[in-house]
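**Student:** Predicted coordinates and the sequence they were generated for:
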Amino acid sequence: MAKARALDRRRKSVRNIRKITRTMELIATARFKKAMDRSVAARDYTKHLAKILGNIASVGADVAHPLLEIRPTKRTAVLVLSGNRGLCGGYNSNVVRQGVALLGQWKSEQVPAHVSVSGKRGISALKFRGVEIAEPYTTFEDKPEFAAVAPIGRAYLEAYSAGDIDRLDVVYTKFDSIARQQAVTETLLPLAPPQATATTAAATLASDDYDFYPSAASILEEILPASFLSRLFKCFLDAAVSEQVARMVAMKAATENAGGLIKSLSRQYNRARQSQITGEIMEILGGVEALKK
Amino acid sequence: MANQKQSDTVRCVIVTPEQTSLDTQARSVMLPLFDGLRGVSHGHSPFIGRLGAGEVRIVGEQGGPADADRRLFVEGGFVEVAHDQVTVITQRALPVEKVDVAAARADLAKASGEVAAGDEAIDAKLRAVQTARALVRAAEARR
């Protein structure tokens, strides 16, 4: 009986685990939808900023700005966006691997790096690898708020204009589609220069000649930091969405796996029980035979 | 203005980094540009302008109360006016009703109390004081 009972106990615990993973999957799905909605709602801002930038670029304003100029990298800053929690497949480890590779590259070029990490998982993983973390953030969950991201971005802008850093790379998980998320390194500073959106710009320029108050250059000066902040915010939003997708997929796989395990355990349990019963019958029959003699 | 025609209105869209917080038709929109207020109504010529801290006032909103204007506090940003559409792009848009007067006053006192040294610090201080003052003004005007 001992073996069958042990199997039954294992089956029960696997059932409990399946319940938990299924619930986590549902929670991750709900959170993913919310995060996705926020991410979609945030696109308007970027779109409008890009439109104004395109307009400025197409009137041929002088687009020289400290945030655009590419300087030799003497000091760099790296921001790694990971999750606060695990159980989300390769989400955290992919980001950490990408981050470690980038840091290794800077190290080999002997460029000191100012490392900031968001998410407990990333913090502990990078600490374990002996990375010195200047700023750890653990407050960003599935709903990053612009008001919380903006101060971080402003600090980077200040450091950049003061010359404390010459470059900012953000390592995060880019959300391409629900089936595809990728750990990427994106260079946010220096900013990519604004492009005059060739076809549309020419068309709009013909129809509306914008006046600029106070001037195109002054608007550019203000709009570049805003554009940087919105790109940084987008990274946080993408990371949040990707984390939920990764957790959803991981938990779905875990639930399915638990189902398979339960099936095979049930089979083993039934077989063990049956052979036990057979054994007992044989014993009884043996006893009867012995009594007959 | 019960039978207001569609063609007499401007569309006002307010976009923040998190969401499009307002999209409505109105008779006119008052914008706090960097150097003062500017009103925009139907047929305004296209322009792009920098905003200062202050309130965006939406006059004669369709479907809104007739006697009161909708007012939002914005802290800098940009505005794009073209084709009877006013697009306000700002980092923060707060309905004036939700401004906390006491907190705004405290901010103003703190901003004006700070000692600034150097050009950049002075600029930052002036900006902080202006923002705080505009916020207090917006909060007090509603009463």
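**Tutor:** Structure received.
**Student:** Could you use CA atoms for every contact and neighbour count after this?
**Tutor:** Will do.
**Student:** Cross-check the contact I'm expecting between B:Ala111 and B:Val129.
**Tutor:** Yes - under the contact definition of C-alpha atoms under 8 Å, B:Ala111 touches B:Val129, with a separation of 5.4 Å.
**Student:** Output the contacting helices and strands for the helix or strand in which A:Ile152 is found.
**Tutor:** Element membership of A:Ile152 [criterion: DSSP states H and E] is helix A:146-162. The contact analysis (3 or more C-alpha pairs under 8 Å, 6 or more residues apart in numbering or on different chains; DSSP states H and E) places helix A:146-162 against helix A:216-292.
**Student:** Average pLDDT for the helix it packs on, rounded please.
**Tutor:** Helix A:216-292 carries an average pLDDT of 93.
**Student:** now do stretch A:36-56
**Tutor:** The average pLDDT for stretch A:36-56 rounds to 88.
**Student:** What is the distance between it and the centre of its chain?
**Tutor:** 21 Å (C-alpha atoms, centre = their mean, to the nearest Å).
**Student:** For that stretch, which residues meet the burial criterion?
**Tutor:** Across stretch A:36-56, burial judged by 16 or more other C-alpha atoms under 10 Å in any protein chain shown covers A:36, A:38-39, A:41-46, A:48-56.
**Student:** Close to chain A: what parts of chain B are there?
**Tutor:** Applying C-alpha under 8 Å from any C-alpha of the partner chain, we find that chain B lies next to chain A at B:15-20, B:46-50, B:77-78, B:80, B:82, B:89.
**Student:** that older thread, residues making contact with the helix holding A:Ile152?
**Tutor:** A:66-67, A:165-168, A:189, A:225, A:228-229, A:232-233, A:236, B:17-18 (C-alpha atoms under 8 Å, 6 or more residues apart in numbering or on different chains).
**Student:** who does the helix or strand containing B:Val79 touch, helix- and strand-wise?
**Tutor:** Assessed by DSSP H and E, B:Val79 sits inside strand B:70-82. In terms of contacts (3+ C-alpha pairs under 8 Å, 6+ apart), strand B:70-82 is packed against helix A:216-292, strand B:47-61, strand B:85-89, strand B:93-95, helix B:119-141.
**Student:** now do 6 Å
**Tutor:** strand B:47-61, strand B:85-89, strand B:93-95 (3 or more C-alpha pairs under 6 Å, 6 or more residues apart in numbering or on different chains; DSSP states H and E).
**Student:** Pipe these into JSON lines and attach mean neighbour count, distance to A:Leu285 and mean pLDDT per row.
**Tutor:** Below are the helices and strands packed on strand B:70-82 laid out as JSON lines (neighbours: other C-alpha atoms under 10 Å in any protein chain shown; distance: least, C-alpha to C-alpha, whole Å; pLDDT from 0 to 100):
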{"stretch": "strand B:47-61", "mean neighbour count": "23", "distance to A:Leu285": "94", "mean pLDDT": "88"}
{"stretch": "strand B:85-89", "mean neighbour count": "25", "distance to A:Leu285": "89", "mean pLDDT": "92"}
{"stretch": "strand B:93-95", "mean neighbour count": "18", "distance to A:Leu285": "87", "mean pLDDT": "87"}
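**Student:** quick one, which of those strands is nearest to A:Glu109?
**Tutor:** The closest of those to A:Glu109 is strand B:85-89. By C-alpha to C-alpha, the value is 40.7 Å.
**Student:** in its sheet, what does the strand holding B:Val79 sit against?
**Tutor:** Here strand B:70-82 has these sheet partners by DSSP bridges: strand B:47-61 (antiparallel), strand B:85-89 (antiparallel), strand B:93-95 (antiparallel).
**Student:** centre of the chain versus it, how much separation?
**Tutor:** Using C-alpha atoms, centre = their mean, the offset of strand B:70-82 from its chain centre is 4 Å.
**Student:** okay, the angle between it and helix B:119-141?
**Tutor:** Counting by axes from the mean of the first three to the mean of the last three C-alpha atoms, to 10 degrees, strand B:70-82 points 120 degrees away from the direction of helix B:119-141.
**Student:** For B:Glu18, give me its contacts.
**Tutor:** The contact partners of B:Glu18, by C-alpha atoms under 6 Å, 6 or more residues apart in numbering or on different chains, come to A:Ala42.
**Student:** one more time with 8 Å, if that's ok
**Tutor:** Going by C-alpha under 8 Å, 6+ apart, the list of residues near B:Glu18 reads A:38-39, A:41-42, A:45, A:145-146.
**Student:** Serialize the strands paired with strand B:70-82 to JSON lines and add fields for distance to A:Val241.
**Tutor:** Shown next, in JSON lines, are the strands paired with strand B:70-82 (distance: least, C-alpha to C-alpha, whole Å):
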{"stretch": "strand B:47-61", "distance to A:Val241": "32"}
{"stretch": "strand B:85-89", "distance to A:Val241": "24"}
{"stretch": "strand B:93-95", "distance to A:Val241": "25"}
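**Student:** Low-confidence stretches in chain B?
**Tutor:** B:1-7, B:66, B:142-143 (pLDDT under 70).
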